[in-house]
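Undergrad: A structural model of the following input is requested.
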Amino acid sequence: CPKELKGLIGGKIKERLKKYFESGKSEYHLFQNAKFDLTQLKVQIGLRFYAHEIYDVSGGEYTLEENSKFLSDHNLRHLQVSAYKLDHICMRYGWNPYKGLGVDKNSRNGLATMELEKFQRYAATDVIVLFRIRDTQFKRAKHEGWELSRFKRCVTVVLSAMNHVFSEMEMTGHLTDRKHLVEALRPGGGLQLAINELQEKFKTSKYARRTNKRLIRRRGAPKKALFGGKPWEFDITKPDTQQTLFFDVMNIEPLHIGKSGKAQVGKVFISTYGDPLKPLYVKEVEWFGQLKKSNTTKSSFLVPFWKRLLTEDDMKLDQRLRSYYNYLQIITGRSGSSDPNLQNIPARGPLAKLVKRIFIPSLGNIFIKVDFSAHEVRNWANVSGDDVLGGRFKEALKLKRKFILTDRESEKFEKVVDLLKKRGDIHIQNVKLFYDQWVDKEHPLRQSIKVVIFGVIYGKGPFSLSLDLGKSEEDAQELIDKLFTMFPTGGK
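TA: So this is what the prediction gives:
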């Protein structure tokens, strides 16, 4: 800040600000990019928490038009502005409030040497423009058919809470076990050994050996290695090897052809041909999928984690990995994580355990895992009013209450636990309905039935569902028909 103000920031003013922000009352506080300002207030004046709701004008703009983010990616890329930055919002409404001030957002680094009068004009404009944007957003919301109180609640309750949580999460970060991370990344570590083993598996495949011969001929490579033996040109991580193995040598039926004219080997391909429980199973595709997951785990999680911990000063100091969180770049009001992305960490299997083991609780604390129970299916039941579907959730709720109330030492307890494991899980109940068998939570049929139900809820037809399940369109349509027969109201 300007030198004339430096002596006024500490002492009593700081304490008064802290008291107000922690325990004062207001309708809400007005910000642009509130998450950053909240973090700065916590750091600079030592706030333990922030007791006020927030109206972030970027959030207001997002509530009015969540697709504005696409302007950042295409139309306005040459201007290097985000659709929700202050200057862009002002441009949208035909303003340039900083014109003539001799200072703008890009010259804030020079505030310490700025003349006090110029600083005051800039600071006043920074405040006034937020009120003007808010009032304009109110008018726009009314014009677009919003009930104003409802619009305000979206910004000052839902998005306000997200700003508060994101600020806290970015400050706190996640404590990491650096020794485990180093062990996972080292050449002889568990992950690299798994990758090496999968690569070696391909040498046992006759199809891989045939592919290798074709690659040697195509590339004009020597037929003998320098120190004897046959050369190994086969590298399953290379597109040329993938195309030759799967489609030229093994003659697997392509599912999708990309813009390049080559068959795609993405998620649908791996799901269809690499699942041992599906009729079109091919072991080489399963190995390929496992290797792809291993390499993705290394390149998307372990390496970025290590780079951040090595390059960020605060992370070097406290060994806490900090990600950036936002909602402005995500459609439907969900949250996003970046640099690194902590939302797509593998959920199950040995690779998931390898990544999750990096994160540890601080001394004297434990992790608590919280998740919605069949959230999409539950909302489907609520919105559709399907009594059959709703009845299954009620049955599960009764069992959970019974479990809580049953004496752990009684003979009935084990029976209640067994019933809860089966009938307390809506997906296991649906497996019983579809396939007439009880399974446990780890059984593949449970995941299979989730694919069917979630796919139908989100509007997938028999073609898309057949690709997910590795079945014919007729079989997929039969499952859809069966689902709607079981839950008639939900099917409408």
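Undergrad: quick one: secondary structure of the residue nearest in space to the middle of the chain?
TA: Compute the mean C-alpha point of the chain, and by Cα atoms, centre = their mean the closest residue is residue 343, 3.5 Å away. Per DSSP: H, G, I helix; E, B strand; the rest coil, the local secondary structure of residue 343 is coil.
Undergrad: With residue 337 instead?
TA: Counting by three-state DSSP, the backbone at residue 337 sits in strand.
Undergrad: Need the pLDDT of it.
TA: Predicted confidence (pLDDT) for residue 337: 88.
Undergrad: Same check on residue 18?
TA: On the pLDDT scale, residue 18 is placed at 89.
Undergrad: is it true that it lies in a helix?
TA: Yes. Secondary structure assignment places residue 18 in a helix (three-state DSSP).
Undergrad: Spit out the contact partners of it.
TA: Residues counted as contacts of residue 18 (Cβ atoms under 8 Å, 6 or more residues apart in numbering) are 45, 46, 47. Where C-beta positions appear, they are placed from N, C-alpha and C, glycine not excepted.
Undergrad: What residues sit buried inside the lengthiest helix in the chain?
TA: Longest helix in the chain by number of residues, with DSSP state H as the criterion: helix 116-143. Applying a neighbour-count criterion of 16 or more other Cβ atoms under 10 Å, one finds 119, 121, 122, 125, 129, 130, 133, 134, 136, 137, 140, 141 buried in helix 116-143.
Undergrad: before we move on, what about stretch 171-190?
TA: Applying a neighbour-count criterion of 16+ other Cβ under 10 Å, one finds 173, 174, 175, 176, 180, 181, 184, 185, 189 buried in stretch 171-190.
Undergrad: what bits of the stretch 201-350 of the chain have low per-residue confidence?
TA: Confidence mapping of the stretch 201-350 of the chain against pLDDT under 70 gives the ranges 224-229, 332-333.
Undergrad: Which positions in stretch 34-53 come out as buried?
TA: Neighbour counts using 16+ other Cβ under 10 Å place 34, 35, 37, 38, 39, 41, 42, 45, 47, 50, 52, 53 of stretch 34-53 among the buried residues.
Undergrad: again, but for stretch 338-349
TA: Of the residues in stretch 338-349, 340, 342, 345, 346 count as buried by neighbour count, 16+ other Cβ under 10 Å.
Undergrad: Check the burial of the residue nearest to the third one when sequence neighbours are not counted by counting its neighbours.
TA: Beyond its immediate neighbours in the sequence, the residue positioned closest to residue 345 (Cβ to Cβ, 6 or more residues apart in numbering) is residue 355, lying 5.2 Å away. Residue 355 has 20 neighbours, counted by other Cβ atoms under 10 Å.
Undergrad: for the one 5 residues further on, same thing?
TA: Other residues within reach of residue 360 by the criterion other Cβ under 10 Å amount to 15.
Undergrad: Could you grab the helix/strand/coil label for residue 55?
TA: Applying three-state DSSP to residue 55 yields a three-state assignment of strand.
Undergrad: I'd say it and residue 160 touch.
TA: Yes. Shown here, residue 55 and residue 160 form a contact pair, counting by Cβ atoms under 8 Å, at 7.3 Å.
Undergrad: Give the residues shared as contacts by the two.
TA: Taking Cβ under 8 Å, 6+ apart as the contact rule, residue 55 and residue 160 both touch residue 28.
Undergrad: before we move on, the earlier item: check which helix or strand covers the residue nearest to residue 345.
TA: Applying DSSP states H and E as the criterion places residue 355 in helix 350-356.
Undergrad: Remind me what that helix packs against, helices and strands.
TA: helix 190-201, helix 283-297 (3 or more Cβ pairs under 8 Å, 6 or more residues apart in numbering; DSSP states H and E).
Undergrad: Other residues contacting the shortest one?
TA: Read it as helix 190-201. With Cβ under 8 Å, 6+ apart, helix 190-201 has contacts from 183-186, 236, 287, 290-291, 294-295, 297-298, 302, 350-351, 354.
Undergrad: Quick check: the farthest pair among those residues?
TA: For the contacts of helix 190-201, the maximum inter-member distance is 25.7 Å, found between 183 and 236 (Cβ to Cβ).
Undergrad: Can you show me the strands along this protein?
TA: Taking DSSP state E to define them, one finds strands in the chain at 29-31, 54-56, 174-175, 320-321, 324-326, 336-338.
Undergrad: Neighbours of residue 417, how many?
TA: Around residue 417 sit 14 other residues, with neighbours defined as other Cβ under 10 Å.
Undergrad: Quick check: closest non-adjacent residue to it.
TA: Nearest to residue 417 is residue 403, by Cβ to Cβ, 6+ apart, at 6.9 Å.
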